[in-house]
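Trainee: here's a sequence, model it:
(2 chains)
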Amino acid sequence: MKKFIGFVKKEFYHIFRDKRSLFILFGMPIAQIMLFGFAITNEINNVDIAILDQSKDATTQELINKISVSKHFSIQQFLANEKEIENVFQKGKVKAVLVFEKDFSKKLTTASNATVQIIADATDPNTANTINNFVGSILQKYQQELNTTAKIPYQIIPETRMVYNQELKSVFMFVPGVMTIILMLVSAMMTSISITKEKELGTMEILLVSPLKPALVIVGKVVPYILLSVINAFVIILLSIFIFKMPVQGSFFLLGLESVLFIVSSLALGILISTVSNTQQTAMMISLMGLMLPVILLSGFIFPITSMPLPLQVISNIIPAKWFIIIVKGIMLKGVGIAYVWKETLILLGMTLFFMGLSIKKYKIRLE
Amino acid sequence: MKKENVIEVKNLSKVFGDFTAVNQISFEVGKGEIFGFLGANGAGKTTAMKMLIGISNPSSGQAKVAGFDVYKNAEDIKKNIGYMSQKFALYDDLTVKENITFFGGIYGLSRTEIKEKAEVLIHELGLQEVAKELVGSLPLGWKQKLSFSVALLHAPKIIFLDEPTGGVDPITRRQFWEMIYKTANTGTTVFVTTHYMDEAEYCDRVSIMVDGRIEALDTPKKLKDQFNVKSMNDVFLKLARG
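Mentor: Next up is the predicted model:
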């Protein structure tokens, strides 16, 4: 045991003296969560738009006021005619143009409906979509206000087929995914790199010639990363609670346990990677290509699994991250307990044991 | 007085698929002897050595190291040997003292033992000034000497050196061999592989491996007489060219 503590201590020296690994360990989780939380969200703020008001009456004026006070948009320009629309887009001044049809107010009161055309710059499809959503919601709100007093329901028709999406808070969907990626990367990539580093430097040979049991060497290398990964998971959850006001509906304790399970499965993968790679570079490439990409593409983190072609849906089942994301979403967003995620937990546990068995076997073969 | 053998190898072989890396080698090494294990690259030196230090299982044959069988008691062997590889193998990002503490620790030395030995060692190598510096900042020669001393921390019966002087300047090599002599004088057996033929002259006995077999084994003087040449280099060339 004393030997073991000495070993773990040495491992921490390695980690804390290497600025690069320190950055990956602690800088990356924070950077990633901020990046996904703020930059890559579907929310928009102060998007520049232009308005072509062909009717210039009280109703359009009121609507324009509502749009201009919204924090989502900032009105840059009022256009005089339709020809200017192409011009402003080409200059890249605005992301969208709202066109109010002629006799807007009159049509609304006589025919009960009027149309607003939303022309969005689709070179940035994400923003375009979101602009549609937000304009739509502003129009709808105004329409509801009108209808509380009117006898015949008024209708303002936005010329887009967008419907208001209640869950615009995309960050909630990203947090479980980002957490998964970070835990996976830190656990699998960092351990595989730190083990192959010893191989590359020749110190692994020295350790194997020493009376230390090979299993102890591996466990000793892995333990610091378990601790650091748990800290990371904790930091990510705290960040999402306090910065993004993300709720954790379910049990904190269960979330912690599940995270440890996932961390251990990633570590087993990391050990497996280290048995097949001889250099740190190889280990890193395998971790990035073999783990990161499938996690991003196939785990349901960004692209919904249900809309994938069937073969990919089948493949997605062998990715541990998929199951972990389901578990995390369940616990954090839906507040479910173990009764609802026991199946996923069992699958994850099975995978963990499988990877562990495989890496132990591989490791023994290598020693021959 | 009969000399005590610390390494006894009989018909030891290692086969990888249909390639025989080590082919039925036999030899003994006595206590306190400096035994040179020579051969060209790929002749099977490292494979043979790996079997003796217990990290590779032999395909056939017998071998006893420090009185323990390589098949059954590999763990006991590990406690009684020291090993220094051709790659410099201390941790660059640990200080001199931390390295000593770590390696002492994995060989099961107590804290007080480590402390005492570290002080003696640092004093002997003249490293007092840099004891708290990272090993990575030391010149290669110092690292090499430190690495050797660290391999001797737990007072092993045999120390295995795998091309210990690769890439080191002649002066450091000379100092290194002085350390080897000093170690051998205390009764520790030194098993060293090298391809510097001038170093072969310093050994008590040398064996020369060619294509997995030991083609020659004797004192440097007798080998030179046997092949009727002036230097070990010529002995080696004659053997290697067949």
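Trainee: so whatever residue of chain B ends up closest to chain A is in which element?
Mentor: Closest to chain A within chain B is residue B:87: 3.1 Å, counting by Cβ to the nearest Cβ. All C-beta atoms are positioned from the backbone trio N, CA, C, and that covers glycine. Using DSSP states H and E, residue B:87 sits in no helix or strand.
Trainee: show the contacting residues for the residue nearest to residue A:2 when sequence neighbours are not counted.
Mentor: What sits nearest to residue A:2 in space, not counting adjacent residues and going by Cβ to Cβ, 6 or more residues apart in numbering or on different chains, is residue B:105, at 7.0 Å. By Cβ atoms under 8 Å, 6 or more residues apart in numbering or on different chains, the contact set of residue B:105 is A:2-3, A:6-7, B:114.
Trainee: picking that back up, the residue of chain B closest to chain A: how many residues sit nearby?
Mentor: 15 (other Cβ atoms under 10 Å in any protein chain shown).
Trainee: contacts only, for it.
Mentor: A:201-202, A:205.
Trainee: which of those residues lies closest to residue A:330?
Mentor: The nearest member of these to residue A:330, counting by Cβ to Cβ, is residue A:201 at 43.2 Å.
Trainee: do you know the pLDDT at residue A:50?
Mentor: pLDDT for residue A:50: 87.
Trainee: no no, residue B:187
Mentor: The model reports residue B:187 with a pLDDT of 91.
Trainee: one more: residue A:246?
Mentor: 75.
Trainee: helix/strand/coil for it?
Mentor: coil (DSSP: H, G, I helix; E, B strand; the rest coil).
Trainee: for the longest helix along chain B, buried residues please.
Mentor: Scanning chain B for the helix with the most residues, using DSSP state H, yields helix B:170-185. For helix B:170-185, burial by neighbour count (16 or more other Cβ atoms under 10 Å in any protein chain shown) applies to B:172-173, B:176-177, B:179-180, B:183-184.
Trainee: now stretch A:14-27
Mentor: A:14-15, A:17, A:21, A:24-25.
Trainee: coming back round to it: and the following helix or strand past the longest helix of chain B, what does it pack onto?
Mentor: As assigned by DSSP H and E, the chain's next helix or strand after helix B:170-185 is strand B:189-194. Packed against strand B:189-194 by the contact rule (3 or more Cβ pairs under 8 Å, 6 or more residues apart in numbering or on different chains; DSSP states H and E) you find strand B:5-16, strand B:19-30, strand B:34-39, helix B:45-52, strand B:158-162, helix B:170-185.
Trainee: for the record, mean pLDDT for the helix or strand just after strand B:189-194?
Mentor: Toward the C-terminal end, the helix or strand that comes next after strand B:189-194 (DSSP H and E) is helix B:197-200. Helix B:197-200 carries an average pLDDT of 86.
Trainee: what's the spacing between residue A:132 and residue A:100?
Mentor: Distance, residue A:132 to residue A:100, using Cβ to Cβ, to the nearest Å: 16 Å.
Trainee: ditto for residue B:52
Mentor: Taking Cβ to Cβ, one finds residue B:52 at 90 Å from residue A:100.
Trainee: likewise residue A:196?
Mentor: 64 Å.
Trainee: is residue A:13 in contact with residue B:99, as I believe?
Mentor: No - the pair residue A:13 / residue B:99 is not scored as a contact, 10.0 Å apart, by Cβ atoms under 8 Å.
Trainee: between these two, which contacts overlap?
Mentor: With Cβ under 8 Å, 6+ apart, residue A:13 and residue B:99 have common neighbours residue B:91.
Trainee: which of the two has more neighbours?
Mentor: Comparing residue A:13 with residue B:99 by neighbour count (other Cβ under 10 Å), the higher total belongs to residue B:99, at 22 against 17.
Trainee: does that one touch residue B:135 like I think?
Mentor: Yes - with contact defined as Cβ under 8 Å, residue B:99 and residue B:135 form a contacting pair (5.8 Å).
Trainee: which residues are common contacts for the two?
Mentor: Common neighbours of residue B:99 and residue B:135 (criterion: Cβ under 8 Å, 6+ apart): B:90-91, B:146.
Trainee: most neighbours among those residues, which one?
Mentor: residue B:90 leads those on contacts (other Cβ under 10 Å) with 25 neighbours.
Trainee: quick one, grab the pLDDT at residue A:237.
Mentor: So, for residue A:237, pLDDT stands at 84.
Trainee: count the residues that sit near the closest residue to it other than its chain neighbours.
Mentor: Nearest in space to residue A:237, with sequence neighbours left out and distances taken as Cβ to Cβ, 6+ apart, is residue A:248 at 6.8 Å. When neighbours are counted by other Cβ under 10 Å, residue A:248 registers 15.
Trainee: picking that back up, out of residue A:132 and residue A:100, which sits in the busier spot?
Mentor: residue A:100 (24 against 21).
Trainee: show me which residues of the stretch 1-150 of chain A are close to chain B?
Mentor: Within the stretch 1-150 of chain A, the positions lying close to chain B (Cβ under 8 Å from any Cβ of the partner chain) are A:2-3, A:6-7, A:9-10, A:13-14, A:17-18.
Trainee: now those residues as TSV including secondary structure?
Mentor: Formatted as TSV, the residues of the stretch 1-150 of chain A next to chain B follow (three-state DSSP):
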residue	secondary structure
A:2	helix
A:3	helix
A:6	helix
A:7	helix
A:9	helix
A:10	helix
A:13	helix
A:14	helix
A:17	helix
A:18	coil
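Trainee: and these, which is closest to chain B?
Mentor: Within the residues of the stretch 1-150 of chain A next to chain B, the smallest distance to chain B is 3.5 Å, found for residue A:6 (Cβ to the nearest Cβ).
Trainee: so who does that closest one touch?
Mentor: B:101-102, B:105-106.
Trainee: most surrounded residue in these?
Mentor: residue B:106 (24 neighbours).
Trainee: mind listing what it touches?
Mentor: Taking Cβ under 8 Å, 6+ apart, one finds A:3, A:6-7, A:207, A:210-212 in contact with residue B:106.
Trainee: now do residue B:214
Mentor: Residue B:214 sits in contact with B:25-27, B:207-208, where contact means Cβ under 8 Å, 6+ apart.
Trainee: buried ones among those?
Mentor: B:25, B:27, B:207-208.
Trainee: quick check: phi and psi at residue B:134.
Mentor: Here is the backbone geometry of residue B:134 (degrees, to the nearest 10): phi -70, psi 140.
Trainee: pretty sure it contacts residue B:90?
Mentor: No - applying Cβ under 8 Å as the test, residue B:134 and residue B:90 come out as separate, 10.3 Å apart.
Trainee: can you get me a residue count around residue A:190?
Mentor: 26.
Trainee: what distance do you get for it to residue B:64?
Mentor: Taken as Cβ to Cβ, the span from residue A:190 to residue B:64 is 42 Å.
Trainee: need the buried ones among the contacts of residue B:214 in TSV (columns: distance to residue A:237 and pLDDT).
Mentor: Below are the buried ones among the contacts of residue B:214 laid out as TSV (distance: Cβ to Cβ, whole Å; pLDDT from 0 to 100):
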residue	distance to residue A:237	pLDDT
B:25	60	94
B:27	63	94
B:207	63	93
B:208	64	91
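Trainee: what does chain B put close to chain A?
Mentor: B:53-57, B:75, B:78-79, B:81, B:83-94, B:98, B:101-103, B:105-108, B:134, B:160.
Trainee: ChimeraX command for the buried members of the residues you listed?
Mentor: If you want just the buried ones from the residues of chain B next to chain A in ChimeraX, going by 16+ other Cβ under 10 Å, the selection is:
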select /B:53,54,55,56,78,79,81,83,84,85,86,88,89,90,91,92,93,94,98,101,102,103,105,106,107,134,160
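Trainee: go ahead and confirm residue B:194 touches residue B:200.
Mentor: Yes - Residue B:194 is within contact range of residue B:200, at 6.7 Å (criterion: Cβ under 8 Å).
Trainee: find residues that contact each of these two.
Mentor: The contact sets of residue B:194 and residue B:200 overlap at B:36, B:38 (Cβ under 8 Å, 6+ apart).
Trainee: helices or strands next to whichever strand or helix holds residue A:193 in the packing?
Mentor: Using DSSP H and E, residue A:193 sits within helix A:190-201. Helix A:190-201 is packed against helix A:2-17, helix A:19-22, helix A:203-209, helix A:214-242, helix A:252-276, helix A:280-285, with contacts defined by 3+ Cβ pairs under 8 Å, 6+ apart.
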